[in-house]
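*Asks:* okay, predicted coordinates and the sequence, questions at the end:
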Amino acid sequence: MSENVVVIYSGGMDSFTVLHKALQEGKTVHALSFDYGQRHKKELDYAARVCAQLGVAHKVVDISAINSIVGGSALTSDIEVPEGHYEEPTMQTTVVPNRNMILLSLAVGYAVSLEAEKVYYGAHSGDHAIYPDCRPEFVQKMNEVCGIANYTPVEIVTPYLHASKDAILTDGLAMKLDYSQTWTCYNGREKACGQCGACQERLEAFAANQCTDPLAYENH
């Protein structure tokens, strides 16, 4: 029998690639998405469609109540989404306090209930500057904790921890993945804005791979 794993799947580019990577490794994937009160639910809609097409088990967990204690982010509160590159200080307003620690803790609990020994998530090097809970030292410490938090240790797997967004896309294109099935933009309008940090990093990755993003953008 193939190995059961949990994949934290937002519906964005990175987790989409991680999901397919786990499937190509022959894993039995249990995709786990979270409604944490984010500004829009488009990513979750994309995630649900992809899992339905692939026949992958998919749970969406509503944890939006946490916003009463961890608000203050442009992704969850009534704060304007900043435009510009990820490296700009204004992008720190998109940090949701302790988000990945919370999501990983829940995913590890789910993994234990499934008798799965691994949880995959899509942290990458492009996130290191802004998001502390995507950095190698965070993953290392979470792995240490998850090794002792239950009777059965669970490993946090981050296939792209030291890879750039460009490299993730390169890997996904080699797997012939269709990135029109993903949503990255921080805004939830009909088309991606092309101006927020998430859009800019995505567009840069496609340009670096000398191909065109199949997603529709405003003013592009």
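*Replies:* Yes, it's here.
*Asks:* in the top helix by length along the chain, what counts as buried?
*Replies:* Using DSSP state H, we find that the single longest helix of the chain is helix 99-114. By 16 or more other C-beta atoms under 10 Å, the buried positions in helix 99-114 come out as Arg99, Asn100, Ile102, Leu103, Leu104, Ser105, Leu106, Ala107, Val108, Tyr110, Ala111, Val112. To be clear about C-beta, it is placed using only N, CA and C from the backbone, and glycine gets the same treatment.
*Asks:* and stretch 52-64, by the same measure?
*Replies:* Going by 16+ other C-beta under 10 Å, stretch 52-64 has these buried residues: Val56, His58, Val60.
*Asks:* same check on stretch 145-160?
*Replies:* Cys146, Val154, Glu155, Ile156, Val157, Thr158, Pro159, Tyr160.
*Asks:* so what touches it?
*Replies:* Here stretch 145-160 makes contact (C-beta atoms under 8 Å, 6 or more residues apart in numbering) with 5, 14, 17-18, 21, 104, 108, 111-112, 115-125, 139, 142-143, 167-168, 171.
*Asks:* could you tell me which of these belong to strands?
*Replies:* Counting by DSSP state E, the part of these found in strands is Val5, Lys118, Val119, Tyr120.
*Asks:* what is the nearest of the buried residues of stretch 145-160 to Met175?
*Replies:* Taking C-beta to C-beta as the measure, Met175 lies nearest Pro159 of the buried residues of stretch 145-160, at 12.1 Å.
*Asks:* what's the pLDDT at the closest one?
*Replies:* On pLDDT, Pro159 comes in at 97.
*Asks:* give me the three-state assignment for it.
*Replies:* Following DSSP: H, G, I helix; E, B strand; the rest coil, we place Pro159 in the coil state.
*Asks:* with the one 4 residues further on instead?
*Replies:* Counting by three-state DSSP, the backbone at Ala163 sits in coil.
*Asks:* these two touch, right, it and Gly122?
*Replies:* No. With contact defined as C-beta atoms under 8 Å, Ala163 does not count as touching Gly122 (10.0 Å).
*Asks:* the protein: helices as residue ranges?
*Replies:* 13-24, 42-54, 99-114, 136-146, 165-174, 197-208.
*Asks:* among the ones you listed, which is the most enclosed?
*Replies:* helix 13-24 (a mean of 23; mean count of other C-beta atoms under 10 Å).
*Asks:* what sits up against that one?
*Replies:* By C-beta under 8 Å, 6+ apart, the residues outside helix 13-24 that reach it are 5, 7-9, 29, 31, 47, 50, 54, 56, 120-124, 159-160, 165, 168-169, 171-172, 175, 177, 179, 181-182, 184, 202, 205.
*Asks:* start to end distance for stretch 110-118?
*Replies:* This stretch, stretch 110-118, spans 10 Å end to end (C-alpha to C-alpha, to the nearest Å).
*Asks:* list the contacts of that stretch.
*Replies:* With C-beta under 8 Å, 6+ apart as the test, stretch 110-118 has contacts from 3-6, 27, 30, 32, 59, 119, 150, 152-157.
*Asks:* mind redoing it with 6 Å?
*Replies:* Here stretch 110-118 makes contact (C-beta atoms under 6 Å, 6 or more residues apart in numbering) with Asn4, Val5, Val6, His30, Leu32, Val119, Asn150, Val154, Glu155, Val157.
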